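Trainee: model this:
(one chain, ligands or ions: 1)
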Amino acid sequence: MKILIINCGSSSLKYRLIEADTEDVIVKGQFERIGIDGGHFTYKQKNGGSLERNAYIPDHEEAVRLLVRILTDPDMGDLESLDEIEAIGHRIVHGGNKFTDAVVLTPQVLKEIEACSNLAPNHNPVNLHGIRACMKYMPKTKMVGVFDTAFHSTLPEEAYLYGIPYEYYKNEQIRRYGFHGMSHQYVSEETARILGVNPSELKVITCHLGNGASITAVKNGKSVDTSMGYTPLEGIIMGTRSGSIDPEIINVISENDHKTLSQVMDILHTKSGIYGLSDYLSPDMRDLTAAYHKGNPNAIRAIKAYVYQIVKYIGAYTTAMGGTDAITFTAGIGENSSLVRSLVCQRLSVFGITIDETANENGNDERIISTPDSRVKVLVIPTNEELSICRQTKALIQE
Ligand code: AMP
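Mentor: Numbers count the residues shown, from 1 in each chain. As a prediction, this is how the structure comes out:
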């Protein structure tokens, strides 16, 4: 059964065609810089074949048209007919209170997703463009929407409510939603598989540390708390995002620096995090790591504060779950930064955690990096959001 995965960003469209029964990737690639100069397209096949082109791609509809053409191209394509695609799984960022699971996309469902767009104005509209373009060029194919927020729909009320008047929740649905749901779900399930236990018997803290970053407490297979909130700005320090701050700081910067609210919000989104904390040295953990090892005080400050916040969340979530069996690192920094993992785990020795530095330093694949006698297992698992979308799409169409 072939399933096509579509993930639309504001100026990109990433795709992956997966043989769902074996989970083999048949072809993957992306369209980048959609609607801006310097457009670029890649098509990478399982057998090593590939195609790359520079071309202006005006919008997501044109990207889908080109994708359909290349997929069925007699020389280069991997399909004889589009009928071979059983379903398309679309990544959708925000499902609001309404969508707590993957859903078959019908015109009525699209209207309801549109109604959630105010919760993710930079993401949901572009996700919908991609869906509508696929419906235009592949009208006979079943479409499924998989939501970033859905995995966190199991949060208990005490974890998703903010300490503000309840009427804002009742009238405007202001609550913690959480993001990176597919990643947290995927790595928590993989953690259970690697440890040889049922997800329903595992307490795991999943640390998705990329440019955007979030930490989730997964108890018995369900998300019970997560660090991102109403928007992806809340939580730990990120690449350029501040994470949680005292809201009064917004007033103070606005008044002292004569900035509008939107200018202050722009600082919190694009000039903060490890970038701002390192005095604008870099938002990229690779650059900061190199500078850290040379003793650069800006890099040391940023990395220490970053690590501290991760440790704080792990401590809090251990308490929230009444203990933890495992901690799993994933995404760009979580998968690749042995420095961050090592510094975090050093501070967790209070929980009886010890890691094997050789296992921490070496290897690119999923692995256990804690020592056999560590009271809590520590793992590194590369995330695979596309596979998570594929599994959920397959499960839904087989129901
Ligand atoms: P993501 O958003 O998941 O693509 O993650 C991006 C982040 O991963 C950036 O901060 C990168 O610097 C970081 N990253 C990628 N490779 C490495 C590496 N080898 N060492 C440290 N950080 C890395």
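
Trainee: Enumerate the positions of stretch 379-395 that are buried.
Mentor: Across stretch 379-395, burial judged by 16 or more other C-beta atoms under 10 Å covers 379-394. Any C-beta I mention is one placed from the backbone N, CA and C, and that applies to glycine too.

Trainee: Wondering if it reaches the ligand at all.
Mentor: No - if you take C-beta under 6 Å from any ligand atom as the test, stretch 379-395 misses the ligand, and the best it gets is 7.5 Å.

Trainee: Rounded mean pLDDT for that stretch, please.
Mentor: Computed over stretch 379-395, the mean pLDDT rounds to 96.

Trainee: now swap in stretch 297-313 and tell me
Mentor: Per-residue pLDDT values over stretch 297-313 give a mean of 98.

Trainee: buried stuff in it?
Mentor: 298-303, 305-307, 309-311, 313.

Trainee: What is the neighbour count of Gly229?
Mentor: Gly229: 19 surrounding residues under other C-beta atoms under 10 Å.

Trainee: For the remainder of this discussion, apply numbering that starts at 396.
Mentor: Noted, 396 is the first residue going forward, which turns the last one into Gly624.

Trainee: List the contacts of it.
Mentor: For Gly624, the set of contacting residues under the criterion of C-beta atoms under 8 Å, 6 or more residues apart in numbering consists of 557, 571-573, 630.

Trainee: Next: Tyr572.
Mentor: Taking C-beta under 8 Å, 6+ apart, we find Tyr572 in contact with 489, 491, 514, 544, 547, 555, 623-625.

Trainee: what's the answer for Leu656, then?
Mentor: Neighbouring residues of Leu656 by C-beta under 8 Å, 6+ apart: 645, 649.

Trainee: Ile465 against Leu474, yeah?
Mentor: No - using C-beta atoms under 8 Å, Ile465 and Leu474 do not qualify as a contacting pair, with a distance of 9.7 Å.

Trainee: mind listing what the residue of the chain found nearest the ligand touches?
Mentor: Across the chain, the shortest distance to the ligand (C-beta to the nearest ligand atom) belongs to Gly727, at 2.0 Å. Applying C-beta under 8 Å, 6+ apart to Gly727 gives the contacts 604-606, 680.

Trainee: mind listing which of these are in strands?
Mentor: Using DSSP state E to define strands, the subset of the contacts of Gly727 located there is Leu604.

Trainee: hmm, which of the contacts of Gly727 are the buried ones?
Mentor: Restricting the contacts of Gly727 to buried positions leaves 604-606, 680, with burial counted as 16+ other C-beta under 10 Å.

Trainee: one step back: near the ligand too, which of the contacts of Gly727?
Mentor: Applying C-beta under 6 Å from any ligand atom, the subset of the contacts of Gly727 adjacent to the ligand comprises 605-606, 680.

Trainee: Over to Ser445: give its phi and psi.
Mentor: In terms of degrees, to the nearest 10, the main-chain angles of Ser445 are phi -160, psi 160.

Trainee: Now do the contacts for it.
Mentor: Applying C-beta under 8 Å, 6+ apart to Ser445 gives the contacts 437-439.

Trainee: What separation is there between it and Leu672?
Mentor: Relative to Leu672, Ser445 is positioned 39 Å away (criterion: C-beta to C-beta, to the nearest Å).

Trainee: same check, this time on Glu447
Mentor: Noted for Glu447: a distance of 37 Å to Leu672, by C-beta to C-beta.

Trainee: ok, the two, which is more surrounded?
Mentor: Counted by other C-beta under 10 Å, Glu447 and Leu672 do not tie: Leu672 has more neighbours, with 20 against 10.

Trainee: Tell me the pLDDT of that one.
Mentor: 98.

Trainee: could you redo the contacts of Gly624 as JSON lines and give each row pLDDT, secondary structure and distance to Thr714?
Mentor: Below are these laid out as JSON lines (pLDDT from 0 to 100; DSSP: H, G, I helix; E, B strand; the rest coil; distance: C-beta to C-beta, whole Å):
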{"residue": "Tyr557", "pLDDT": "98", "secondary structure": "coil", "distance to Thr714": "20"}
{"residue": "Arg571", "pLDDT": "98", "secondary structure": "coil", "distance to Thr714": "17"}
{"residue": "Tyr572", "pLDDT": "96", "secondary structure": "coil", "distance to Thr714": "22"}
{"residue": "Gly573", "pLDDT": "97", "secondary structure": "coil", "distance to Thr714": "18"}
{"residue": "Gly630", "pLDDT": "98", "secondary structure": "coil", "distance to Thr714": "17"}
